[in-house]
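Chemist: this one's sequence-less:
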């Protein structure tokens, strides 16, 4: 009897695991497990009553090759057939991404994450430094800077969702960059802000181009599979 919780081999007559006390007679469909404390619950329970962690089904705790999906319960770290890492599904979301995504997609994702954080910080600093920059009437520029910080947060959230293989992350990026385009065009046209500053037009164009760049980057393939096709 292989314990569904810790994968230890027990004698066939055993009713409970000698390592963790798991009920060996309970099937996969009957329990959910807390990754934090290891306590099991009926399937209709979604969160652990001990620490509030989200529960996972026991089948997601079985170590499998991230490439071929073959199960290993003997402590093997890498699949002898294709070299894929052996991890339980509940613990391998990011590993799956690194295994499936082209390195260019990962580098671009990290670059955008860093850019979003820097943009957020710059906007926050600018909001506090407007009087020193010569903007004594800030009623027009403050809303623009505030919305720029929101756009940075939305872009950051979009990348995080993409790294979780959620297609709605791309939708958030489209919203963030479209928002940036509108803000920069508004800044260029408004007589109260930057009148004729060509930098705003350039940034607006870059914002729209970034949507296309993101889509193109997500088409990069690894092992014949694009990052875009792995999104849920």
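Modeler: Great, that's in hand. All figures in this text were calculated on a predicted structure; none of them were measured in a lab.

Chemist: Now do the SS call for residue 87.
Modeler: strand (DSSP: H, G, I helix; E, B strand; the rest coil).

Chemist: give me phi/psi at residue 203?
Modeler: Recorded main-chain torsions at residue 203 are phi -70, psi -30, according to degrees, to the nearest 10.

Chemist: what about it, how many neighbours?
Modeler: 17 (other C-beta atoms under 10 Å). All C-beta atoms are positioned from the backbone trio N, CA, C, and that covers glycine.

Chemist: Show the pLDDT at it.
Modeler: With respect to pLDDT, residue 203 scores 77.

Chemist: Find the nearest non-adjacent residue to it, please.
Modeler: residue 184 (4.6 Å; C-beta to C-beta, 6 or more residues apart in numbering).

Chemist: Just after the lowest-mean-pLDDT helix or strand in the chain, pick out the following helix or strand.
Modeler: Here the helix or strand of the chain ranked lowest by mean pLDDT, DSSP states H and E is helix 93-100, holding a mean of 66. Proceeding C-terminally, helix 93-100 gives way to helix 103-129 as the next helix or strand, assigned by DSSP states H and E.

Chemist: Quick one: name whatever helix or strand follows that next one.
Modeler: Downstream of helix 103-129, the next assigned helix or strand under DSSP H and E is helix 141-163.

Chemist: now the angle from that next one to helix 103-129?
Modeler: Interaxial angle, helix 141-163 versus helix 103-129 (axes from the mean of the first three to the mean of the last three C-alpha atoms, to 10 degrees): 160 degrees.

Chemist: What are the neighbouring residues in contact with residue 179?
Modeler: 147, 150, 151, 154 (C-beta atoms under 8 Å, 6 or more residues apart in numbering).

Chemist: Identify the residues contacting the third one.
Modeler: Applying C-beta under 8 Å, 6+ apart to residue 151 gives the contacts 119, 176, 179, 180, 183.

Chemist: And for the second one, the neighbour number?
Modeler: Residue 176: 25 surrounding residues under other C-beta under 10 Å.

Chemist: same check, this time on the last one
Modeler: For residue 183, the tally of surrounding residues (other C-beta under 10 Å) stands at 21.

Chemist: pretty sure it contacts residue 146?
Modeler: No: the pair residue 183 / residue 146 is not scored as a contact, 10.2 Å apart, by C-beta atoms under 8 Å.

Chemist: about what we covered before: relative to helix 141-163, how tilted is the helix or strand hosting the residue nearest to residue 203?
Modeler: Using DSSP H and E, residue 184 sits within helix 168-189. For helix 168-189 against helix 141-163, the angle by the same axes, to 10 degrees is 160 degrees.

Chemist: mind listing what's buried in helix 168-189?
Modeler: 169-170, 172-174, 176-177, 179-181, 183-188 (16 or more other C-beta atoms under 10 Å).

Chemist: for the record, mean pLDDT for it?
Modeler: Mean predicted confidence for helix 168-189 is 85.
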